[in-house]
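Student: Okay, sequence plus prediction incoming.
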Amino acid sequence: MTLTDYCVICFVILEFSHFYLVCFDMEKDAVTVIDNMDVTGSPIKLVNDDDFFKKTTPFKVKDVFKKHLKLVNHPKFLSFEATMSKRLDFEWATVGNSVVVGCSLCVIFES
């Protein structure tokens, strides 16, 4: 299989002792951060910058993945150039609880 065979590509990230996902929807040209914690309590922030080292991890993952798409001549390379990373909000987002993240990710993938 090649990358063109996949609809969604997800990267599991462990940062600050907290798991979350950075997902690339190859059909909708969307980048989504999936984090079970409420945005106000999550250590994961979305900060983009021209300087790679000032970006937060979700934007760094996006940049590296875009470079890979270009390297392998993937047809979606240019589609992700202007796409902004967005955070998926949950009504049931947790506050101060990073332990349930594994269960949350399982529920998301079962849906």
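Tutor: Yes, it's here.

Student: Buried ones in the longest helix seen in the chain, by neighbour count?
Tutor: Across the chain, the longest stretch assigned as helix under DSSP state H is helix 57-71. Of all the residues in helix 57-71, those buried under the rule 16 or more other Cβ atoms under 10 Å are 57-59, 61-62, 65-66, 69. Every residue, glycine included, has its C-beta placed from N, CA and C.

Student: The residue nearest the centre of the chain: which element?
Tutor: Centroid check for the chain by Cα atoms, centre = their mean gives residue 22 as the closest residue, at 1.5 Å. Using DSSP states H and E, residue 22 maps to strand 18-25.

Student: So what angle separates the directions of that strand and helix 57-71?
Tutor: Strand 18-25 runs at 40 degrees relative to helix 57-71, counting by axes from the mean of the first three to the mean of the last three Cα atoms, to 10 degrees.
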